[in-house]
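# Dropping the sequence and predicted coords here.
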Amino acid sequence: MSNLPQPHCLAPAFGGGPAPPPLSSAAGGGQPVRDRKIASAEQLVLDLCEPDLRENALGELSKKREIFQDLAPLLWNAYGTIAALLQEIVSIYPFLSPPTLSPGASNRVCNALALLQCVASHPDTRILFLNAHIPLYLYPFLNTTSKTKPFEYLRLTSLGVIGALVKVDDTEVISFLLQTEIIPLCLRTMEMGSELSKTVATFIVQKILLDDVGLRYICATAERFYAVGQVLGSMVTSLAEQPSARLLKHIIRCYLRLSEHPRACGSLNNCLPNMLKDGSFNNYIDDPTTRHWLQQLLHNVGGINRVANLQGGLDHIIGS
Ligand code: TRP
């Protein structure tokens, strides 16, 4: 226990609630309950290193991770905790291929992933998490293709960790992820995942595209651009059968960002799905932001059209 931060480090977790009563009035109940919760978080973190207690600790901590706001530094700094979480992760690698992961084992690892997401989200541990290259341990989960619940849940939770990293705009995070080839993994989920995991994967690609380094990376070769464009296009097609306003919003934002790159904008002229141009989705784009993005996208791509038409017209006139 001596190597753990003192209990007060967890106190800000309760900062979101009502202010604690002044000491003089020492209102009955509140304080002791709070202390008990704090103590149990620390005990549970210690329990992660005990093989027999680990499963329970994973479940309890991931359930309460919102309440313990400074859980991330505690997890990061407590002796052996991150190693224990990584051990959980690698222990299921043998069940990925052929796909034989049981629901129970998937659930247990997802709890470990939820704790890593907490570390990935916290401003004091995010860069440490990245520098330790922990995202790489999740990539085998993103590389799976089984559509069963245990695998779907595993992909979704892993994407949640990456999503937490990219949520804060930081070009260092984007550069790291690009270098580790996250894009093909996201594209894979965008092709075959559930609506929810498609949405998270598309959100990650969107955040990467919104970064200048990310946009340049994806537009650096025709192969990359077309790989992304093709997956976005097939998602649009499948939305016609299974509408999802939130997924459509992220897809449109991705296209809009691509249209800000001159060469990509020229290519979108050919490969932007007609369904985005012909108003097929008008009925279910209620969100004014999505509407605006779509208009902007069509404007950007249409602008190229006009230039191309003008060019074509001139070519005709000057006979080249
Ligand atoms: N090594 C591949 C590349 O750099 C990674 C990749 C595959 C990729 N598909 C992609 C990158 C699609 C961007 C977009 O091209």
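The structure has been received and is ready for your questions.
# and residue 285, how many neighbours does it have?
18 (other C-beta atoms under 10 Å). (C-beta placed from N, C-alpha, C; glycine too.)
# check contacts around the closest residue to residue 162 other than its chain neighbours.
Of all residues not flanking residue 162 in the chain, residue 204 sits nearest, at 5.6 Å (C-beta to C-beta, 6 or more residues apart in numbering). Going by C-beta atoms under 8 Å, 6 or more residues apart in numbering, residue 204 touches 159, 162, 163, 166, 182, 186.
# From the contact counts, what lies against the strand or helix carrying the second one?
This means residue 162. Using DSSP states H and E, residue 162 falls within helix 149-167. Where contact means 3 or more C-beta pairs under 8 Å, 6 or more residues apart in numbering; DSSP states H and E, helix 149-167 is packed against helix 103-121, helix 126-131, helix 139-142, helix 171-179, helix 182-192, helix 195-210.
# Now do the contacts for the nearest residue to residue 261 once chain neighbours are set aside.
Excluding its sequence neighbours, the residue lying closest to residue 261 (C-beta to C-beta, 6+ apart) is residue 219, at 4.6 Å. Going by C-beta under 8 Å, 6+ apart, residue 219 touches 225, 258, 261, 263, 264.
# re earlier: give me the average confidence score over the helix holding residue 162.
Taken as a whole, helix 149-167 has an average pLDDT of 98.
# what's the angle between it and helix 171-179?
Orientation check (axes from the mean of the first three to the mean of the last three C-alpha atoms, to 10 degrees): helix 149-167 against helix 171-179 gives 140 degrees.
# Roughly how far does the residue sitting nearest the centre point of the chain sit from residue 206?
The residue lying closest to the centre of the chain (C-alpha atoms, centre = their mean) is residue 163, at 1.8 Å. Residue 163 is 10 Å from residue 206, where distance means C-beta to C-beta, to the nearest Å.
# which residues are in contact with stretch 138-153?
89, 93, 96-97, 99, 101-103, 105-107, 110, 113, 116, 154-155, 158-159, 161-162, 180, 182, 185-186, 188-189, 192-194, 197.
# and with 6 Å instead?
The contact list for stretch 138-153 (C-beta atoms under 6 Å, 6 or more residues apart in numbering) reads 93, 96, 99, 101, 103, 106, 110, 154, 158, 161, 185, 194.
# what about the protein, any weak spots by pLDDT?
By pLDDT under 70, the low-scoring segments of the chain are 1-39, 304-320.
# May I have the phi/psi pair for residue 98?
The phi and psi torsions at residue 98 (degrees, to the nearest 10) take the values phi -60, psi 150.
# Appreciated, that's everything.
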